[in-house]
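Asks: fold the stuff below for me.
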Amino acid sequence: MEARKDKRFKKKLLVRIYSGTNRFGGITSDISNNGMFIRGALLPNDIELTIALYLPGNKISSLLGIVKRNVKIPEANWLFGTGLELIKKDHTFHNFLKTLT
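Replies: Residues are numbered from 1 along each chain as shown. Alright, predicted model coming up:
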């Protein structure tokens, strides 16, 4: 059964992730109103992250998310990704989503 409620958009955008003093980078593979999947570092489930999402037009969206799952990407033996639930989104993110619909 599909748990996703929001339409997902395939977008490759740069992200910087902050958790305490740790910093990680990655690339989104899809984005929705309430979540995103990031290809990059594996992160522990249920931790809260601050996310800088680099958008077209030199805009940066500041988000807050929680790690919900980690998966191995089937097409590559060495590539992993993290699914995030977004719990705080800024106006820049909402405006960007409007451009995708």
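Asks: how many other residues sit next to residue 49?
Replies: Residues contacting residue 49 under the criterion other Cβ atoms under 10 Å number 22. All C-beta atoms are positioned from the backbone trio N, CA, C, and that covers glycine.
Asks: bridging across strands, which residues link to it?
Replies: Using DSSP bridges, the beta-bridge partners of residue 49 come out as residue 65.
Asks: residue 67: how many residues sit nearby?
Replies: If you count neighbours by other Cβ under 10 Å, residue 67 ends up with 20.
Asks: how many other residues sit next to the closest residue to it other than its chain neighbours?
Replies: Among residues not flanking residue 67 along the chain, residue 43 sits closest, at 4.8 Å (Cβ to Cβ, 6 or more residues apart in numbering). As a burial measure, residue 43 scores 19 neighbours (other Cβ under 10 Å).
Asks: correct me, but residue 43 touches residue 19?
Replies: Yes - between residue 43 and residue 19 there is a contact at 7.0 Å, judged by Cβ atoms under 8 Å.
Asks: contact partners for the residue sitting nearest the centre point of the chain?
Replies: The centre of the chain sits closest to residue 36, judged by Cα atoms, centre = their mean, with a distance of 3.6 Å. When contacts are counted by Cβ atoms under 8 Å, 6 or more residues apart in numbering, residue 36 touches 15, 28, 30, 53, 65, 83, 84, 86.
Asks: residue 38 and residue 20, how far apart?
Replies: For residue 38, the distance to residue 20 equals 18 Å [Cβ to Cβ, to the nearest Å].
Asks: what's around the residue lying closest to residue 64 once chain neighbours are set aside, how many residues?
Replies: Among residues not flanking residue 64 along the chain, residue 88 sits closest, at 3.6 Å (Cβ to Cβ, 6+ apart). Neighbour count of residue 88, defined by other Cβ under 10 Å: 12.
Asks: could you number the chain from 11 rather than 1 from now on?
Replies: Got it, the first residue is 11 from now on, which makes the last one we talked about residue 98.
Asks: who has more neighbours, residue 48 and residue 30?
Replies: Ranked by neighbour count (other Cβ under 10 Å), residue 48 and residue 30 place residue 48 first, with 27 against 9.
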